[in-house]
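**Student:** I need the structure of the sequence given here:
(one chain, ligands or ions: 2)
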Amino acid sequence: MDAIILSIGSELALGETIDTNSAWLAQRLAEIGVGVLRHVTVGDDIEPIRRQIEQACGEADVVLITGGLGPTADDLTRQALAAAMGVELVLRPEWVEKIRSFFACRGRSMPQANAIQAQFPAGSEPIENTCGTAPGIRASLGRSMVFAMPGVPREMREMFERDVRPMLAERTGGAVLIATVLNCFGAGESDIGQQIDDLMQRGRNPTVGTTAKQGVIGVRIHSRGRSAAEARKLLEATEQEVRRRLGTLIYGRDSETLSDAVARLLVEGGKTVSVAESCTGGLIAKRLTDVPGSSRYFRAGLVTYANEAKTMWLGVPADLIAGHGAVSEPVARAMAEACRRLNATDYAIGVTGIAGPEGGTADKPVGLVFISLADAAGCRVTRHLFGDFLNRGEIRERAASTAMNLLRLRLMARGGQACSA
Ligand code: AMP
Ligand code: MG
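**Tutor:** Residues are numbered from 1 along each chain as shown. Ligands and ions are numbered 1, 2, ... in the order given. Purely as a prediction, here's the structure:
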């Protein structure tokens, strides 16, 4: 089964209020195996609302509408639905009484305006609202079941859980739609997309798609099944295939962060780490200590920002800095090596770079960052050009993520692991 979700309200269309109802409903629908074709937001005008209802009812099995059921002149969902159905609104006196008693329970008399909420398109059914005055409406139109619910999120959720969800779940008979995301770092979205191109073809079940945020590429897998077990089995097969192709690019699944992955590997291997940071200003130390229990592996982080600090705290020779510049391969190397020795850790990371927006030159542009990683086998320095199209904050975040990822890969290579769980 497929659904279309319509959100009604000019405050939503104008971006003054964020439409949280659609996201919440889409997640609930997935739990009962109903896919969502699209979300549509429409302002408070009867004709556009009617058109959207008619169009949705020609396409989807289920049309969920929220908002516009209030008592004021800008609440037009019931009128638009009646128009789409080609019927009149009919007053149901027993519902006037229900609304009146809702007010009476709160020691108030019902304003005359609320009587409109007891009007329903002929042939439709009211849905009780236990936490507000606006009853919902259940109707049939075209090939669709239509449910109109209040816009107030609390009222909508209560109505959906109590009445709408059971009705839909009965139709889908235990079907579910489950999702997982495999988080990747170290390649661009198009590179990753190319490696799983065939799995991303439309019309497949599970479907596979990618998202990109701050260098992290998420490979999303959505699986439909007639039962949870069937959906899980299909998902696992596709997940395995994605893992086989992307290997160590994948650092975790769902909410797992690079910090979680690194922490797990450090704890498993009983290893310790320290960091000497310049342009990241302590971000890597922060990332390493984001995870509870980080005292098991994290020893110290030094933010040696000024040249003098690099010399005073890490013993980086002043003439090395003068000769090569603070942002250079030899200085990055000296930072990690000294940091490892001074803190007596298994691993040490050094970072020096130009976060901008000022300070770039032709041969050392903004976004140039050297990252060093020292361990018992030696020290390796990598040079990165994150690009001056990123802002200062983004360059620093990207540098921190890249350093965390380099440590992750080193830990996996040492531990002989092919891929994180
Ligand atoms: P309505 O039922 O259109 O009178 O909406 C009542 C209130 O619920 C509005 O003032 C909105 O702030 C809120 N609301 C309506 N639709 C949504 C939505 N899709 N997401 C979040 N809040 C909403
Ligand atoms: Mg409204």
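
**Student:** Pull out the buried positions in stretch 187-196.
**Tutor:** Across stretch 187-196, burial judged by 16 or more other Cβ atoms under 10 Å covers I192, G193, Q195, I196. C-beta: built from backbone N, CA, C; applies to glycine.

**Student:** cool, stretch 251-263 as well?
**Tutor:** Under 16+ other Cβ under 10 Å, the buried positions of stretch 251-263 are Y251, G252, R253, E256, T257, L258, S259, D260, A261, V262, A263.

**Student:** what does stretch 343-355 give?
**Tutor:** Going by neighbour count (16+ other Cβ under 10 Å), the buried part of stretch 343-355 is N343, T345, D346, Y347, A348, I349, G350, V351, T352, G353, I354, A355.

**Student:** Make TSV out of these and add pLDDT, distance to ligand 1 and secondary structure.
**Tutor:** Below are those laid out as TSV (pLDDT from 0 to 100; distance: Cβ to the nearest ligand atom, whole Å; DSSP: H, G, I helix; E, B strand; the rest coil):
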residue	pLDDT	distance to ligand 1	secondary structure
N343	98	50	helix
T345	98	49	coil
D346	98	50	coil
Y347	98	47	strand
A348	98	49	strand
I349	98	44	strand
G350	98	48	strand
V351	98	42	strand
T352	98	46	strand
G353	98	42	strand
I354	97	43	coil
A355	95	38	coil
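
**Student:** Widest-spaced pair of those residues?
**Tutor:** Farthest apart among these by Cβ to Cβ are D346 and I354. That separation is 29.4 Å.

**Student:** residue in the stretch 301-421 of the chain nearest to ligand 1?
**Tutor:** Nearest residue of the stretch 301-421 of the chain to ligand 1, counting by Cβ to the nearest ligand atom: G393, 29.7 Å away.

**Student:** Check the chain too.
**Tutor:** Counting by Cβ to the nearest ligand atom, the chain gets nearest ligand 1 through G151, at 2.6 Å.

**Student:** Quick check: nearest residue in space to that residue, chain neighbours excluded?
**Tutor:** G67 (3.2 Å; Cβ to Cβ, 6 or more residues apart in numbering).

**Student:** Spit out the contact partners of that neighbour.
**Tutor:** G67 makes contact with S7, I8, G9, L12, N21, D75, T77, P150, G151, according to Cβ atoms under 8 Å, 6 or more residues apart in numbering.

**Student:** hang on, the first one packs against T41?
**Tutor:** Yes: judged on Cβ atoms under 8 Å, S7 makes contact with T41 at a distance of 4.7 Å.

**Student:** Identify the contacts common to these two.
**Tutor:** With contacts defined as Cβ under 8 Å, 6+ apart, the residues shared by S7 and T41 are D19, S22.

**Student:** thinking again about what came up before, for my notes, confirm the residue of the chain closest to ligand 1 occurs in a strand.
**Tutor:** No: counting by DSSP: H, G, I helix; E, B strand; the rest coil, G151 is not part of a strand but coil.

**Student:** count of neighbours near it?
**Tutor:** By the criterion of other Cβ atoms under 10 Å, G151 has 24 neighbours.

**Student:** Closest one of the buried residues of stretch 187-196 to ligand 2?
**Tutor:** Distance to ligand 2 across the buried residues of stretch 187-196 (Cβ to the ion) is lowest for G193, with 40.0 Å.

**Student:** Now for the closest one, which secondary structure element holds it?
**Tutor:** helix 189-195 (DSSP states H and E).

**Student:** what's the following helix or strand after that helix?
**Tutor:** Helix 189-195 is succeeded, C-terminally, by strand 207-213 (DSSP H and E).

**Student:** Tell me how many other residues crowd A362.
**Tutor:** 5.

**Student:** Give me the nearest residue to the residue in the stretch 1-150 of the chain that ligand 2 sits nearest to, chain neighbours excluded.
**Tutor:** Per Cβ to the ion, G9 is where the stretch 1-150 of the chain lies closest to ligand 2, at 4.0 Å. Excluding the flanking residues, the one nearest G9 by Cβ to Cβ, 6+ apart is G67, at 4.5 Å.

**Student:** cool, S124 as well?
**Tutor:** Spatial nearest neighbour of S124, excluding adjacent residues (Cβ to Cβ, 6+ apart): A139 at 3.9 Å.

**Student:** Give me the phi and psi angles of the one you found.
**Tutor:** The phi and psi values for A139, taken as degrees, to the nearest 10, are phi -150, psi 170.

**Student:** what bridges to it?
**Tutor:** Per DSSP bridges, the residues bridged to A139 are V146.

**Student:** Return the residues of the stretch 51-200 of the chain in contact with ligand 2.
**Tutor:** Residues of the stretch 51-200 of the chain lying close to ligand 2 (Cβ under 5 Å from the ion) are G67.

**Student:** Tell me where the stretch 51-200 of the chain has helices.
**Tutor:** Counting by DSSP state H, counting those that start in this stretch, the segments of the stretch 51-200 of the chain that form helices are 77-85, 93-105, 153-159, 165-172, 189-195.

**Student:** Can you spell out which helices and strands pack onto the fourth one?
**Tutor:** This points to helix 165-172. The contact analysis (3 or more Cβ pairs under 8 Å, 6 or more residues apart in numbering; DSSP states H and E) places helix 165-172 against strand 144-149.

**Student:** Then the first one?
**Tutor:** Counting contacts by 3+ Cβ pairs under 8 Å, 6+ apart, the secondary-structure elements packed against helix 77-85 are helix 46-57, strand 89-91, strand 119-121, strand 136-141, strand 144-149.

**Student:** what separates the first one from the chain centre, distance-wise?
**Tutor:** Using Cα atoms, centre = their mean, to the nearest Å, the mean C-alpha position of helix 46-57 is found 30 Å from that of the whole chain.

**Student:** do the same with the last one
**Tutor:** Taking Cα atoms, centre = their mean, one finds the center of strand 144-149 at 28 Å from the center of the full chain.

**Student:** Is that strand in proximity to ligand 1?
**Tutor:** No: contact of strand 144-149 with ligand 1 (Cβ under 6 Å from any ligand atom) is absent, the minimum separation being 8.6 Å.

**Student:** now the first one
**Tutor:** No: counting by Cβ under 6 Å from any ligand atom, no contacts exist between helix 46-57 and ligand 1, the nearest distance being 11.1 Å.

**Student:** What are the buried residues along that helix?
**Tutor:** In helix 46-57, counting by 16+ other Cβ under 10 Å, buried: P48, I49, R50, Q52, I53, E54, Q55, A56, C57.
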